[in-house]
Each structure stands twice: as structure tokens, then as C-alpha cells.
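In: Predicted structure and sequence below. I'll ask about it afterward.
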Amino acid sequence: MTNSPSANDLQVRRRQIGEAIRGHRFFLIVGHTRPDGDCLGSQIALGLGLRAMGKTVRIWTAGPILPSLRFLPGLDQIESEIDPAFEPEVTIYCDCGGLTRPGGDFEPRGLVLNIDHHISNDHFGDINWVDTGAAAVGEMIFDLLNDLGVPFSPDIANCLYLAVMADSGSFKYGNTTLRTFEVATECVRRGANPAWVGEEFYDSLSRDTLLIKGQVLSHLHFEFGGRLCWSEISQELYERGGGEINEPEGLVGEMRSIEGVEVSVLIHELAEGGARAGLRSRGTHRVDRIAERLGGGGHPSAAGCYILGDFAEVRERILREVRAEMMPAVTSQRPAAG
């Protein structure tokens, strides 16, 4: 992890990204596996913007694309396989904290541009524009497209509105700033439909998704007097619920919202063995540090990791790291005896 860059450094990186885009024609835009609203919305908006400039663009994700994101305009331009005949001059990473976050055996080609806001980003690009003060990469793509003079279509506006809405938790997370509201407002002014985006993203759950969610919520585990809440989704539960494509979006955040909970952890069993985990905090504990020790990363209050191996062993390793992070604070809060 590197120190946060100054405002001047960020302006320099942003300008360098813009110059690189103006100076090239062929682009590949990638995001992380299991893309969320910020990742996918930013990828599509950037792709649409570059095409409006006359650039040749491919947008790729290893997926899966969750049902809550299938309404996005421009989704038909997302590719799940990379055409080996396509030779990009530039690979643009959106919302990726590390070089391998796109997943699989993906390897970038050409100049690598790294556009991200995770504090754990390892600055892997040829040009790194990493703004940890941005609530969402969508904020950064909004500024970049404005710098490039791209006229916003309603599709671009809707994608970027989703990006900032999703990663700010509908503007309620601690990362929300005045700039977040300014970007959202400007997206609406340029054609975004907040009611439609919100309904499609939050209110289109399948029965299978609700089945999985109900099972998780009925098997919550509490430790440290209720300060830690954790649960898991087994492969058997995913099979009963129609597969991982029906994973409940934002469930680990709901677990954090329980009164008294300071840290929530949702552990997903991997079909290939091992687990991926989402970690959330109210700000009292740095879950990005926990995730980094487990080979992952993220933000101080929202992070994740992916570990192969025996599921039971990996689950215990994750919980052991969480407990170790929380123990000193919990111990110090205990009343003195006598």
C-alpha cells in the first residue's frame, strides 16, 4: 500500500490518463470478477464514452453478472471472452485493486491504465490514477469523460448514477461526500432516471435470492457480545437456491446494520474449494487490513478476500484474523473487575 497522493498528484494522473486516451485508438476495458454496480457501471460508461470519441473499444468481464445488474443499458456490449485477434493499444482497469483482479488467466496488453479508489490498490499500472477519496470509480469516470469532452447520453448518465449510488450505499456510507451528490445530480440533469435505476437494482429480487437470504439470516453467529456478526453460504445452499448467480446483493452490509454489530463477515464456499468473504465495519475496525493479511483488499469499512483450499480450514482462518483484529479493542472496553 502506498501513501495517499496529494490533490496535485491526482490532477497530474488524471491528465495523464486523458492524454493516453486521446493518443490511442484501440482499447480493452476490464473490471474485477463478480462485478458490482460501480465496476460494471463504470466500465460500460467509459466504453460508451470512448466509442462516442470514435475509439475502437472492447469491454470484458469474467463475470458473473448478477441479476440486479442485467438492466444496465449497454450490457449487450460486455464480452465474456476476449477475441484473440483483437490487439488493444491500451488496457484500462476499472475498480481493480490489483493486476489479477479481472480473474482467470487474464493478462493485460499494451499500455496499462489503472483507475481505482481502493486504499489497498498496489499501483500496478503504467499510469495509476487511484483516488481513495472518491466514493466510487463512477465519480472518476464522470470527471474523465468531462475532461475528454464526451457528450453524455442517457445511457452513460444512468450507468454512472448507478455506480455512485451503489458504492455509496444509496448515499448513506461514510465515503459519501458533497462531490458524490454533485455527480449524482449532474447525471440526473443529463438523463439518468433515479427511480428506474433504484427499482431495477434494489427491487427485482428472485425467489431463489430470497431463499438464500432467508437461510443466511436465520443462521447468524454473534461473538464479542454481539460486536461481530458472521454467517456463511455453503455450496449446498447455493445449489438449492439456483446457483451463485442468485447471491443476495449487499447482504453482508445488512448484517452490519444490526444494532450493536461493529463488524460483519459473510463467507461463501467456493465450488473449487476454499472461500471468498465480504467484510464490513462501522469504522471502528479496519477490515481492509484483515483482508490484506488474507491476500485480499478493499476499503477501511468494506473489503474482501478469496482463498483456495479446504473450506472449513479457510473459514476458520478468516474468522481467526477477524477475531485477532477485534480482540484488543473489545478487551479494552471491558469494565474493570471489582
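Out: Structure's in. What do you need?
In: contacts for stretch 308-317?
Out: Outside stretch 308-317, the residues within contact range by C-beta atoms under 8 Å, 6 or more residues apart in numbering are 232, 267, 269-270, 272-275, 294, 307. Any C-beta I mention is one placed from the backbone N, CA and C, and that applies to glycine too.
In: Most neighbours among the residues you listed, which one?
Out: residue 275 (24 neighbours; other C-beta atoms under 10 Å).
In: which one among the contacts of stretch 308-317 gets closest to residue 33?
Out: Lowest distance from residue 33 to the contacts of stretch 308-317 (C-beta to C-beta) belongs to residue 270, with 11.8 Å.
In: what's the closest one in contact with, if anything?
Out: With C-beta under 8 Å, 6+ apart, residue 270 has these contacts: 235, 276, 306, 308, 311.
In: Let's see that with 10 Å instead.
Out: Residues touching residue 270, when contacts are defined by C-beta atoms under 10 Å, 6 or more residues apart in numbering, comprise 235, 244, 276, 306-309, 311, 314.
In: Equivalent analysis for residue 88, please.
Out: 24-30, 56-58, 82, 108-111.
In: List the ones among those residues that fall in strands.
Out: Of the contacts of residue 88, the ones assigned to strands by DSSP state E are 26-30, 56-58, 111.
In: Is it possible to mark the buried ones in those residues?
Out: Buried positions within these, assessed by neighbour count (16 or more other C-beta atoms under 10 Å), are 27-30, 57-58, 111.
In: Closest to the mean position in this protein, which residue would that be?
Out: In the chain, the C-alpha nearest the mean C-alpha coordinate belongs to residue 36, at 5.1 Å (C-alpha atoms, centre = their mean).
In: Which residues does residue 265 form beta bridges with?
Out: Listed by DSSP bridges, the beta-bridge partners for residue 265 are residue 230, residue 279.
In: That one is in contact with residue 287, isn't it?
Out: Yes. Between residue 265 and residue 287 a contact is recorded at 8.5 Å, counting by C-beta atoms under 10 Å.
In: Compare these two and say which is more crowded by neighbours.
Out: residue 287 (29 against 26).
In: Farthest pair within the contacts of residue 270?
Out: Greatest spatial distance in those: 244 and 309, 18.3 Å, computed using C-beta to C-beta.
In: Kindly report the domain assignment for this structure.
Out: Domain assignment for the chain, taken from automatic domain parsing, gives 7-202, 207-333.
In: Tell me the one among the contacts of residue 88 nearest to residue 197.
Out: Within those, proximity to residue 197 (C-beta to C-beta) peaks at residue 29, which comes in at 21.0 Å.
In: That closest one contacts residue 112, correct?
Out: No. With contacts defined as C-beta under 10 Å, residue 29 does not count as touching residue 112, sitting 11.8 Å away.
In: what sits in contact with each of the two?
Out: Once C-beta under 10 Å, 6+ apart is applied, the residues that residue 29 and residue 112 both contact turn out to be 90-93.
In: quick one: the strands in the stretch 151-300 of the chain?
Out: With DSSP state E, counting those that start in this stretch as the criterion, the stretch 151-300 of the chain has strands at 221-223, 228-233, 263-269, 274-281, 297-299.
In: how about the contacts of residue 270 in CSV, adding distance to residue 137?
Out: As requested, those are exported to CSV (distance: C-beta to C-beta, whole Å):
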residue, distance to residue 137
235, 31
244, 24
276, 21
306, 20
307, 25
308, 27
309, 31
311, 31
314, 29
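In: chain center to the longest helix anywhere in the chain: distance?
Out: In the chain, ranked by residue count with DSSP state H as the criterion, the top helix is helix 311-333. What separates the centre of helix 311-333 from the centre of its chain is 23 Å, taken as C-alpha atoms, centre = their mean, to the nearest Å.
In: buried sites along stretch 293-304?
Out: Taking 16+ other C-beta under 10 Å as the neighbour-count basis, stretch 293-304 is seen to contain the buried residues 294, 296-304.
In: May I see the buried residues of stretch 217-237?
Out: In stretch 217-237, the ones that count as buried by 16+ other C-beta under 10 Å are 224, 227-233, 235, 237.
In: Now tabulate those in JSON lines and tack on pLDDT and distance to residue 73.
Out: Compiled in JSON lines, these are given as follows (pLDDT from 0 to 100; distance: C-beta to C-beta, whole Å):
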{"residue": "224", "pLDDT": "97", "distance to residue 73": "44"}
{"residue": "227", "pLDDT": "97", "distance to residue 73": "42"}
{"residue": "228", "pLDDT": "98", "distance to residue 73": "40"}
{"residue": "229", "pLDDT": "98", "distance to residue 73": "36"}
{"residue": "230", "pLDDT": "98", "distance to residue 73": "37"}
{"residue": "231", "pLDDT": "98", "distance to residue 73": "34"}
{"residue": "232", "pLDDT": "98", "distance to residue 73": "35"}
{"residue": "233", "pLDDT": "98", "distance to residue 73": "30"}
{"residue": "235", "pLDDT": "97", "distance to residue 73": "34"}
{"residue": "237", "pLDDT": "97", "distance to residue 73": "33"}
